[in-house]
Structures are given as C-alpha cells and as structure tokens.
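> Please find the sequence and the predicted model below.
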Amino acid sequence: MMNIEGEEMRKPIRLIAAACRDMGIGKDGQIPWCLPKEFQFLLDTITAVSAPGKKNLIVWGRICWFSCPETVFPLANCINLVLSRKMISVPPHAHYLCKDFDSIIRLVSEPPLCHTVEVIWILGGTEVYKESLEHPWCDLIYLTDIMANFECDVFFPEFDPNIFRKQKSFPGVPDEIIEENGIKFQFQVFKKIKN
Ligand SMILES: NC(=O)c1ccc[n+]([C@@H]2O[C@H](COP(=O)([O-])OP(=O)(O)OC[C@H]3O[C@@H](n4cnc5c(N)ncnc54)[C@H](OP(=O)(O)O)[C@@H]3O)[C@@H](O)[C@H]2O)c1
C-alpha cells in the first residue's frame, strides 16, 4: 500500500500470545493461568519503540479489550485500537474503533498514523489472529509455550510451520524455560520465511 507521496507504507504485523499444550489461550473470557512475568514480557514487548515519538498500534478484539485489567492503561508508546462490528463508540482508554481488519490497514497507511506507527501488535483473539496470519505484512509470531494443560474454550489458530519457522533464539527474547507459580513456560518466536 502506498501513501499520497507514493511511499511504501508497509508496517510489520506481529502476533503475540501465550498458548498451553493444546494451543488453548482463553476460558470464559479470561486467560486461564496467572503468570505475571509472562504478562510483563508482553507489556515490555508491545511498548518497545526505536525512537521517541514512535508508537505501536495495538489491536484488540472486543472480548480481549474488556477482559484486560484497567490498571495496565495507559500503555506507554501505544495506540489502542478495538475491533468490533457492534460497538458504536471508542471505549475508555482506546484511541480507535474499527469494524473490520481492512480498516486497520487503511488507517495505518494514512496520516497521521503512517508517520508514527512502527509495529502493529495483534493481541487476539482467534479471529483477529487468523486474519493477521494471512496478511502479507505479518512477519513474526511471538507465542509463549505454556508447558501445562488448561481447560480452554478459545484457541490459537493453526499456522504452517514451514511458513512461520521457529527461531532457535531471537533478540530481546529469553530462551530459557522459566517457572512461575509452578508452571513452566518458554518464550518462542516464529519468523515468516520470505516469499
Ligand atoms: N493467552 C493469550 O495470549 C490470549 C490472547 C488473547 C486473548 N486471549 C483470551 O481469548 C479470549 C478472547 O478471544 P476471543 O477470540 O474469544 O474474542 P476477541 O477476539 O477478543 O473478541 C471477539 C470480538 O471481537 C470483534 N472482532 C473480532 N474480529 C473481528 C474482525 N475481524 N472484525 C470486526 N470485529 C472483530 C467482534 O466483536 P463484536 O461482537 O463486538 O462485533 C468479536 O465478537 C479471552 O478468553 C482472552 O482472555 C488469550
């Protein structure tokens, strides 16, 4: 996509999630585990920018948005966008409301966001993850492996491991197994091979 000056306005789209053994990510609108260090890693990752004034666009499905504790807001360096077909006004702490995925792409391709947004971080849930994985701008999946079984009713979508390759190590991402509240987990990054 080009802006009015004809510049390429492509922004990396990155998914971030934590999934347990059967790829479950949620139950009854909540995250089934309590792993503060894992959550802090997510916050540190989505708020990181390369220079002052730069921002990341954080994309939330409606249920994810309303299940997030209000205490995390404001998120430094972040512009929050909620996806919903039903909502008619931007909820407190959010900056934008979009009714479909294509509207997000249009929004970041035009001023003012085309000048400030560095990364589009996708925080879920399932449908938003699915659409993001299929988008040509998607380059990375940050997917924490929660090494335990939890009952879930929402799942991370399947993706092709030949297209998104697991990285042995990745800058800024601890690669050791971490244990918290008796639960082991490991951060993982999957990188899309160039096509
Ligand atoms: N473990 C993790 O890393 C992780 C990450 C994310 C979420 N979760 C968990 O997953 C669950 C929430 O995920 P979910 O999949 O059930 O719900 P969700 O994606 O958060 O919310 C679903 C709603 O978002 C809107 N929406 C989603 N995709 C859309 C699209 N393409 N265009 C327009 N609107 C769209 C719709 O809202 P309307 O109905 O208003 O139209 C839809 O009903 C919770 O349990 C949460 O805790 C876990």
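That came in fine, so what should we check first?

> who's in contact with the top strand by length along the chain?
For the chain, the strand with the greatest residue count under DSSP state E is strand 138-146. By CB atoms under 8 Å, 6 or more residues apart in numbering, the residues outside strand 138-146 that reach it are 12-21, 33, 35, 38, 41, 45, 132-133, 156, 159, 164, 173, 183, 185-192. All C-beta spots, glycine's among them, are computed from the backbone N, C-alpha and C.

> so what's the residue most central in space within the chain bridging to?
Closest residue to the average C-alpha location of the chain: residue 122 at 2.6 Å, with CA atoms, centre = their mean. Bridge pairing for residue 122 (DSSP bridges) gives the partners residue 15, residue 59.

> And the pLDDT at it?
Looking at residue 122, its pLDDT is 99.

> how about the residues of the chain near the ligand?
17-18, 25-26, 29-31, 61-64, 67, 83-87, 99-101, 123-128, 131, 154 (CB under 6 Å from any ligand atom).

> Return the subset of those residues lying in strands.
Short answer: those in strands (DSSP E) are 17, 18, 25, 26, 61, 83, 154.

> so the fifth one touches residue 83, yeah?
Yes. Contact between residue 61 and residue 83 holds when scored by CB atoms under 8 Å: they sit 5.4 Å apart.

> Which of these two has more residues huddled nearby?
When neighbours are counted by other CB atoms under 10 Å, residue 83 comes out ahead of the other of residue 61 and residue 83, with 24 against 20.

> Can you give me the buried ones in stretch 155-162?
155, 156, 157, 159 (16 or more other CB atoms under 10 Å).

> Do me a favour and get the end-to-end distance for that stretch?
Stretch 155-162 has an end-to-end distance of 20 Å (CA to CA, to the nearest Å).

> What of stretch 81-95?
Stretch 81-95 has an end-to-end distance of 6 Å (criterion: CA to CA).

> So for that stretch, mean pLDDT?
98.

> that older thread, quick one: contacts for the residue nearest to the centre of the chain?
With CB under 8 Å, 6+ apart, residue 122 has these contacts: 13, 14, 15, 16, 59, 128, 129, 132.

> same check, this time on residue 137
10, 11, 12, 13, 105, 120.

> hang on, the earlier thing: state the pair within the ones in strands among the residues of the chain next to the ligand that is farthest apart.
Greatest spacing in these, by CB to CB: 18 and 83 (20.0 Å).

> The contacts of residue 122, buried ones only, as a PyMOL selection?
To isolate the buried members of those in PyMOL, using 16+ other CB under 10 Å:
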select buried, resi 13+14+15+16+59+128+129+132
